[in-house]
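Participant: Pasted the sequence and its predicted model underneath.
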Amino acid sequence: MFEILYQQGRKRRTHHTIKGDQCVIGSARHNDLVLKHRHIAKKHATLYAQNDQIHIEDLGSITGTWVNRERVINYGPLTEHDEITIGDVSLKIEIQIAQDQSQVLQEIAAGDIKEASHLEHVECLNNNNEGGQNSQQKIIIYWTKIIHEQLISEMDLRRKDVHSMSDEQLRAEAETLLDQIISRLASDLPDDIEIAKLRVSVLNEAVGLGPLERFLEDESITEIMVNNHQEVFIERAGKLVDSGESFSSDQAVLSVIERIITPLGRRIDESSPMVDARLKDGSRVNAIIPPLAIKGPSLTIRKFAKERLTFSDIVHYGSISPAMVDFLKVCVEQRKNIIVSGGTGSGKTTLLNVLSSFIPERERIISVEDAAELRLYQPNLVSLEAKPANLEGRGAITIRELVKNTLRMRPDRIVVGECRGGEALDMLQAMNTGHDGSLTTAHANSPRDVLSRLEVMVLMAGMELPVSAIREQIASAINIIVQQTRYPCGSRKITKITEVTGIEGNTIQLQDIFEFRQQGLDKHGKVRGEYVATGFVPSFYEKLKTISVAVDLSIFSTDLDDFL
């Protein structure tokens with residue numbers, strides 16, 4: 001709890017008591033202290049308590065926050081001698097924060113507070129004492145927000161129809177205005193600020209994806225996670241790390257989300273606060289905003305490699321053995337129905353893409369996805385994508401409806417990006433009615449769990465089928481289950497290749513063909529182990545021999561050791 005004395009223009013001085021630990025000052029009516037003036041931003045600055053002392057932080061206002069005639073980003077601790085200026089308002093701290101929340105310290109009027117030493121402020125635009133890279137980045141973020149707001153304002157004043165402009169035209173227009181704004185603000189900018197970095201930062205935020213631009217260009221990064229405007233994490237080499245980057249505000253994150261989804265005909269607002277989309281390169285995007293996201297707009301981007309991965313690549317990465325590749329190649333060519341299972345981020349879609357490379361080019365493929373992620377290169381390919389509801393909540397087309405429609409499109413192969421619900425029933429029926437060689441993925445921790453999930457998903461279709469009938473459908477439809485696992489060290493490995501051999505009684509029978517046997521960790525903390533064959537020869541190999549298909553039975557030898 002603390003108290004401030006403020007005077008706006010020539011009006012009388014006014015006392016304002018802050019009951020909590022912070023006070024947001026601005027012209028919008030939802031602020032703790034509302035000050036109306038054209039030089040005061042909607043959210044201008046925050047007074048906050050830290051270690052029983054008062055600090056002030058500017059929230060990226062155009063006119064700035066000034067302490068003792070010096071523009072600051074973050075300043076503290078404040079004393080009763082510091083004069084704060086916001087727009088046309090002068091502020092003074094009258095009462096220090098209470099050491100004990102049940103009691104306020106002695107008031108200045110009683111003369112019981114000794115004069116506090118005036119410490120140098122933490123971050124000042126023109127006299128930065130930290131001098132490190134992190135401090136420089138904070139200053140760039142601060143000025144990015146200010147210049148970005150002016151850039152948007154000038155584009156509005158010039159009545160530019162940005163929606164009708166191409167990306168190149170929009171960037172060129174933004175660059176011209178940006179140079180004018182930076183030139184105009186030259187006297188206000190800190191002497192040590194890197195103009196080139198500031199310029200790139202503003203351009204990325206105005207017409208690009210802000211600080212995410214360089215992560216999208218970095219091929220070593222596989223996932224980008226924005227928790228809120230201050231927290232951006234990335235996945236590199238399978239491990240999550242703090243990126244060290246941030247957005248200037250929640251509005252900047254929201255602008256990036258809208259920039260991604262608007263060209264796709266999607267929308268995000270309070271009535272529809274979640275959306276799935278994709279970038280031009282096929283990277284998958286998920287966004288969720290308040291009121292569902294409590295800390296602010298959240299954005300997750302799963303990137304896809306620019307170069308198409310092959311089985312030789314994942315063998316090189318240690319994710320599979322050559323013998324397992326040879327077996328999967330035979331399975332795809334001989335039109336076996338395959339499910340790739342695994343947890344989130346385990347590499348299911350990547351493996352499905354690689355498996356699809358074995359499909360002969362003469363065959364017609366129909367792919368069905370919720371958000372298009374698959375990158376198939378066969379010439380006779382039709383890609384279908386589910387459609388969300390419109391503004392009125394109508395017009396949605398689900399994956400299940402698309403799977404049904406594929407049966408009328410003369411497919412040789414049906415590839416479903418992921419089975420999540422009732423479409424599992426239609427997929428199983430297609431597999432059982434002549435559409436062999438179908439491929440799909442499912443979330444599961446083991447081959448046995450896949451079967452349980454399929455049962456649940458079939459029941460989600462609303463058909464009151466007995467469990468025994470569902471299991472018979474699964475046992476006759478699915479041939480091979482490929483289990484993909486992501487380990488804590490970031491390694492992704494195919495841990496099991498399992499055949500569905502039939503059903504006995506009321507239990508579906510499974511038989512492992514290959515498996516990964518972990519043998520601890522290497523000196524770098526990576527999972528170490530070997531891929532081995534269990535010695536079981538798949539039942540359909542006998543049929544292949546009868547139709548004179550050349551097969552290599554030596555890959556199933558238990559003596560096979562493929563060390564990482």
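Facilitator: Great, that's in hand.
Participant: what about the residue lying closest to residue 283 once chain neighbours are set aside, distance to residue 492?
Facilitator: Leaving aside its chain neighbours, residue 283 sits nearest to residue 303 (4.7 Å; criterion: C-beta to C-beta, 6 or more residues apart in numbering). Placement of C-beta: from N, CA and C, glycine included. Residue 303 is 15 Å from residue 492, where distance means C-beta to C-beta, to the nearest Å.
Participant: Same drill for these two, tell me which one is more crowded.
Facilitator: residue 492 (23 against 20; other C-beta atoms under 10 Å).
Participant: Beta-bridge partners for that one, please?
Facilitator: residue 486 (DSSP bridges).
Participant: Do I have it right that it meets residue 347?
Facilitator: Yes: look at residue 492 against residue 347 with C-beta atoms under 8 Å: they come within range, at 4.4 Å.
Participant: Between these two, which contacts overlap?
Facilitator: 319, 484, 486 (C-beta atoms under 8 Å, 6 or more residues apart in numbering).
Participant: quick one: which of those residues is nearest residue 52?
Facilitator: Taking C-beta to C-beta as the measure, residue 486 is the one of those closest to residue 52, at 45.6 Å.
Participant: quick one, what contacts that closest one?
Facilitator: 238, 342-343, 345-347, 492.
Participant: try residue 531
Facilitator: Taking C-beta under 8 Å, 6+ apart as the test, what residue 531 contacts is 320-321, 323-324, 514-517, 560, 562.
Participant: okay, now the closest residue in space to it that isn't next to it in sequence: neighbour count?
Facilitator: Nearest non-adjacent residue to residue 531, counting by C-beta to C-beta, 6+ apart: residue 321, 3.8 Å away. Neighbours of residue 321 under the rule other C-beta under 10 Å: 24.
Participant: Just name the shakiest helix or strand of the protein by mean pLDDT.
Facilitator: strand 123-124 (a mean of 39; mean pLDDT, DSSP states H and E).
Participant: After it, heading C-terminal, what element do we hit next?
Facilitator: helix 133-157 (DSSP states H and E).
Participant: Quick one, which of the contacts of residue 486 are buried?
Facilitator: 238, 342, 345-347, 492 (16 or more other C-beta atoms under 10 Å).
Participant: Save those residues as CSV, and put in pLDDT, secondary structure and distance to residue 217 too.
Facilitator: Converted to CSV, the buried ones among the contacts of residue 486 look like this (pLDDT from 0 to 100; DSSP: H, G, I helix; E, B strand; the rest coil; distance: C-beta to C-beta, whole Å):
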residue, pLDDT, secondary structure, distance to residue 217
238, 77, coil, 20
342, 91, strand, 28
345, 81, coil, 21
346, 85, coil, 25
347, 84, coil, 22
492, 89, strand, 23
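Participant: and which of the residues you listed is nearest residue 41?
Facilitator: Among the buried ones among the contacts of residue 486, and counting by C-beta to C-beta, the member closest to residue 41 is residue 345, at 39.9 Å.
Participant: The closest one and residue 486, how far apart?
Facilitator: 6 Å.
Participant: And residue 404, by the same measure?
Facilitator: 33 Å.
Participant: And the helices in the chain?
Facilitator: 133-157, 167-184, 195-207, 213-217, 250-261, 311-316, 322-333, 348-356, 399-406, 423-431, 447-459, 467-477, 540-546 (DSSP state H).
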